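Q: Next input, structure requested:
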Amino acid sequence: MSSTWPIITDYKRALQKSCGDLNTVLTDPVLGSSVIPRMTAQFIPHYGQQNVVFRLQHGATPYAVKLFCQPLDDRAERYRSIQNTMRKLFREFAQDDLSSWPFCEFDFLDKGFNLDGESYPLLKMKWIDGVDLGTHVRELVMMQLSSEQKSAMLCRLARKWYLLMGKLSIFNISHGNLEPSNILVQPDGELTLLDYDTMCVPELMTGRRASELPCEHVRHPLSGVATLFSQSADNFSAWITYASLVALSLDPSLYRFSGPSWLLFNDADLKNTNRKESISHALRNHLLPELSALAHSVELLCQQNPSEICSLDSLEVPGCELWAPDARKSKRVTPDQLSVCTDSSSSLSRSGVKPPVIATHPTTPPSVNPEILGVRSFMAFAEKMEEECGRVLCLSDLFERRYIRKANNWAVAYKKLSAFFSDLRTGDFSYHLFLETHLSIAFACGWILNRKTGIRAYPFQKGRDGRVLWKPSVSPAPLDYSRWKITEHLRDSGGDSIALTVSISYPVEEDADQYIEENQLRITRVISVSPVSGPEYGVLTGADEAVRLAEKVQSVAVTALKQARGARNVHIFASAPVSFMFFLGQLGPALTPIQLYEYGLDVDETRGHRYGASFLLDGNEYNS
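A: Model (predicted):
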């Protein structure tokens with residue numbers, strides 16, 4: 001076998017050049033007689049750190065084919081051991097209910113893929129539909145449901161996780177990397193574990209060291225080097241995931257601490273639970289005593305020797321009986337007692353069990369004399385803003401017409417925006433915003449007034465019918481996908497960032513691509529958003545469609561970040577209504593860090609207007 005292994009593009013090219021006859025590259029007869037689904041305009045695989053997964057279709061059965069971009073070393077032997085163990089377990093439990101079977105059965109083929117005269121290994125498994133745990137939790141928290149409903153659903157999810165970890169304990173198996181992206185939530189709510197590169201089965205527990213460390217956000221802070229394969233390898237990760245789900249069930253608003261690859265606790269929180277900005281600090285000071293107890297249990301786990309941490313199914317971490325629904329001596333509500341309800345007179349109250357208190361804002365608070373605020377970064381058509389607004393922030397002195405006077409002015413603008421909005425209040429207060437600004441500034445306004453702040457702010461939007469307040473409904477209608485085209489394509493498999501091009505009012509892809517090329521940005525994936533009918537003025541129908549589209553764009557970008565492991569930045573090039581950019585900015589913290597670009601900032605006399613960098617939003621905006 002060649003010392004140089006294929007890269008992702010080599011595998012992709014070989015499959016495409018097979019011209020539909022996959023037998024020329026795939027040795028397995030089932031895979032060889034399969035077809036590449038024509039579900040999208042481009043054939044886009046799913047990426048991992050050292051591998052790539054393609055979806056193939058054989059009749060009515062979809063298959064996942066995992067191909068490797070690096071030598072397997074001892075993984076080939078381990079895959080064979082895992083495969084044998086899985087088959088044995090599957091036979092033993094075949095008489096039981098397999099709907100909650102937590103693994104994907106797979107076949108390891110040592111010589112499964114032919115390429116340039118060489119044969120390479122692959123994993124063949126049936127494709128399972130679903131979303132990763134992080135995406136599922138985000139979608140659940142953002143649903144238009146009552147707090148009690150969200151609490152019940154999250155509590156049941158925590159219960160499923162507890163039971164799944166109990167199965168692994170019974171099977172004497174450890175997964176090795178229980179990060180959210182390796183936990184699939186199927187449409188029926190069942191959980192399936194993915195990616196068995198670090199899995200350990202009994203016959204491998206012979207003094208071998210794991211070849212990889214778990215994701216840092218589910219790794220014990222004292223685990224600095226690869227540890228021995230053991231059944232206890234998952235214990236810390238299992239506890240952290242369980243604690244995160246239970247905490248969210250008690251207070252869904254804690255989701256503000258989540259990130260692209262962690263539910264609540266990130267590696268910085270685990271290494272220092274006393275950080276003021278950490279989730280542990282917020283839990284310790286929470287009004288619910290259960291959450292304070294949960295924070296204490298997590299702190300004890302982080303201080304304990306990793307090899308001495310008990311399994312989740314034992315529920316023997318000190319203090320867990322005060323917050324864990326599954327603790328044997330728990331007095332709290334269990335998932336079976338929780339029902340989907342909307343008021344305290346539900347079956348919970350009738351059963352004598354006090355429902356958990358959820359710290360969230362009222363769903364539809366009354367609007368009390370909304371204050372009208374104005375932000376202006378250019379004077380044209382905004383000269384009389386002071387007459388229409390209670391307060392106005394004018395940033396026009398930082399610009400020459402639409403062009404920034406000097407690069408540092410973006411930092412100045414952000415600090416002025418932060419100060420201008422610093423005294424806005426939550427609760428029954430609301431604010432209406434005149435935004436006569438660059439799109440980057442509209443996005444920054446949304447970023448500062450993001451959903452996690454609880455501040456109710458709504459922008460005015462200029463259109464053919466004049467200026468209209470874009471205030472979304474309490475429950476906006478679902479997005480009409482027939483009107484919108486959201487595509488994704490690979491640009492550079494070795495890149496460290498993703499790009500988002502939003503062409504609602506005017507097409508931006510060509511100009512964005514030119515900027516990326518000239519500035520040698522290492523973009524691994526490009527997400528493009530545009531109306532099916534083509535970019536045009538006034539194509540957005542109103543606030544509800546703008547909000548739903550912004551939510552969808554954020555969801556796609558978050559997923560792209562997870563799939564492109566190692567990607568750090570999101571670069572945004574947009575031509576869109578200012579109100580849409582405000583709504584997208586409100587969702588932006590989930591994509592941190594973000595580099596924004598403004599069209600027309602970089603003027604070249606021979607080529608006209610071009611994009612230029614504006615705000616860099618990374619959670620520590622211009623603090624230096």
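Q: Name the helix or strand of this structure that has the lowest mean pLDDT.
A: Comparing helices and strands within the chain by mean pLDDT, DSSP states H and E singles out helix 347-350 as the least confident, with a mean of 29.
Q: outside of whichever helix or strand comes after that helix, which residues touch it?
A: Scanning forward in sequence from helix 347-350 by DSSP states H and E, the next helix or strand is strand 368-376. Contacts made with strand 368-376 from outside it, assessed by Cβ atoms under 8 Å, 6 or more residues apart in numbering, are listed as 382, 385-386, 388-396, 417, 420, 428-437, 441, 445. Placement of C-beta: from N, CA and C, glycine included.
Q: C-terminal to strand 368-376, what's the next element?
A: Next element after strand 368-376 (DSSP H and E): helix 385-388.
Q: packing partners for that next one?
A: For helix 385-388, the packing partners by 3 or more Cβ pairs under 8 Å, 6 or more residues apart in numbering; DSSP states H and E come out as strand 368-376, strand 391-394, strand 429-436.
Q: Name every strand pairing with the longest one and say which way it goes.
A: According to DSSP bridges, the neighbouring strands of strand 368-376, each with its direction, are strand 391-394 (parallel), strand 429-436 (parallel).
Q: Out of these, which is closest to Pro6?
A: Taking Cβ to Cβ as the measure, the strands paired with strand 368-376 were each checked against Pro6, and strand 429-436 came out nearest at 49.7 Å.
Q: Which members of the contacts of strand 368-376 are classed as buried?
A: Buried members of the contacts of strand 368-376, counted by 16 or more other Cβ atoms under 10 Å: 382, 385, 389, 392-395, 417, 420, 429-437, 441, 445.
Q: Okay, Leu194 and Ala64: tell me how far apart.
A: Counting by Cβ to Cβ, to the nearest Å, the gap between Leu194 and Ala64 amounts to 9 Å.
Q: List the residues that are in contact with both of those two.
A: Taking Cβ under 8 Å, 6+ apart as the contact rule, Leu194 and Ala64 both touch Cys104.
Q: since we're on Leu164, how many residues are nearby?
A: If you count neighbours by other Cβ atoms under 10 Å, Leu164 ends up with 23.
Q: hang on, it in a strand?
A: No: counting by DSSP: H, G, I helix; E, B strand; the rest coil, one finds Leu164 to be helix, located in no strand.
Q: between the strands paired with strand 368-376, which one is nearest to Asn114?
A: When those are ranked by proximity to Asn114, the top entry is strand 429-436, at 57.7 Å, counting by Cβ to Cβ.
Q: Touching the helix or strand just after that closest one from outside, list them.
A: Using DSSP H and E, the next helix or strand after strand 429-436 towards the C-terminus is helix 439-448. Identification of contacts with helix 439-448 by Cβ under 8 Å, 6+ apart yields 375, 377, 395, 410, 413-414, 417-418, 421, 433, 435, 437, 457, 459, 572, 574-576, 578-579, 581-589, 596-598, 614-615, 617.
Q: Show me just the buried residues among those.
A: Of the members of the contacts of helix 439-448, the ones counted as buried by neighbours, 16+ other Cβ under 10 Å, are 375, 377, 395, 410, 413-414, 417, 421, 433, 435, 437, 457, 459, 572, 574-576, 578-579, 581-589, 596-598, 614-615, 617.
Q: pLDDT below threshold where in the stretch 401-550 of the chain?
A: Flagging of the stretch 401-550 of the chain using pLDDT under 70 yields the residue ranges 464-465.
Q: That one: strands as residue ranges?
A: With DSSP state E, counting those that start in this stretch as the definition, the stretch 401-550 of the chain shows strands at residue ranges 403-404, 429-436, 456-463, 466-469, 484-490, 497-503, 523-531.
Q: now the ones you listed in TSV, with distance to Glu148?
A: Putting the strands of the stretch 401-550 of the chain into TSV (distance: least, Cβ to Cβ, whole Å) gives the following:
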stretch	distance to Glu148
strand 403-404	49
strand 429-436	25
strand 456-463	22
strand 466-469	31
strand 484-490	33
strand 497-503	35
strand 523-531	35
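Q: just those: most buried one?
A: Scoring these by mean neighbour count under mean count of other Cβ atoms under 10 Å gives strand 497-503 as the most buried, with a mean of 24.
Q: From the contact counts, what lies against that strand?
A: Counting by 3+ Cβ pairs under 8 Å, 6+ apart, the elements that strand 497-503 packs against turn out to be helix 509-518, strand 523-531, helix 543-563, strand 569-575.
Q: Pick the most deeply packed of those.
A: Per residue and on average, the most neighbours among the helices and strands packed on strand 497-503 fall to strand 569-575, with a mean of 24 (mean count of other Cβ under 10 Å).
Q: send the alpha carbons of the following helix or strand past it over as CSV?
A: Of the helices and strands lying after strand 569-575 in sequence (DSSP H and E), the nearest is helix 578-587. C-alpha atoms of helix 578-587 as CSV (Å, rounded to 0.1, in the frame of the first residue of the first chain):
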residue,chain,number,x,y,z
VAL,A,578,-31.0,46.0,7.6
SER,A,579,-33.7,44.3,9.7
PHE,A,580,-32.7,40.8,8.5
MET,A,581,-29.1,41.6,9.5
PHE,A,582,-30.3,42.8,12.9
PHE,A,583,-32.2,39.5,13.4
LEU,A,584,-29.2,37.5,12.2
GLY,A,585,-27.0,39.4,14.5
GLN,A,586,-29.2,38.5,17.5
LEU,A,587,-28.4,34.8,16.7
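Q: what about helix 578-587, average pLDDT?
A: Model confidence over helix 578-587, given as mean pLDDT, is 96.
Q: Spell out the residue ranges of the helices in the stretch 51-200 of the chain.
A: With DSSP state H, counting those that start in this stretch as the criterion, the stretch 51-200 of the chain has helices at 75-92, 133-142, 147-171.
Q: Wait, Asn274 touches His281, no?
A: Yes: here Asn274 reaches His281: they are 7.0 Å apart, a contact under Cβ atoms under 8 Å.
Q: the more surrounded of the two?
A: When Asn274 and His281 are compared for neighbours, His281 comes out ahead with 16 against 10, by other Cβ under 10 Å.
Q: Show me what the helix or strand containing that one is in contact with.
A: When secondary structure is defined by DSSP H and E, His281 falls within helix 279-284. When contacts are taken as Cβ under 8 Å, 6+ apart, the neighbours of helix 279-284 outside the stretch itself are 247, 254, 257, 264-265, 269, 273-275, 291-292, 294-296, 298-299.
Q: Out of those residues, give me the one that has the most neighbours.
A: For the contacts of helix 279-284, counting by other Cβ under 10 Å, the largest number of neighbours falls to Ala247: 29 neighbours.
Q: show me the contacts for that one.
A: Listed by Cβ under 8 Å, 6+ apart, the contact partners of Ala247 are Leu254, Leu264, Ile279, Leu283, Leu291, Leu294.
Q: That one in helix, strand or coil?
A: Secondary structure for Ala247, judged by three-state DSSP, is helix.
Q: confidence score at it?
A: The predicted structure scores Ala247 at 94 on the pLDDT scale.
Q: how near is it to Ser261?
A: Taking Cβ to Cβ as the measure, Ala247 and Ser261 are separated by 18 Å.
Q: correct me, but Pro180 touches Asp132?
A: Yes: with contacts counted by Cβ under 8 Å, Pro180 reaches Asp132, the gap being 5.6 Å.
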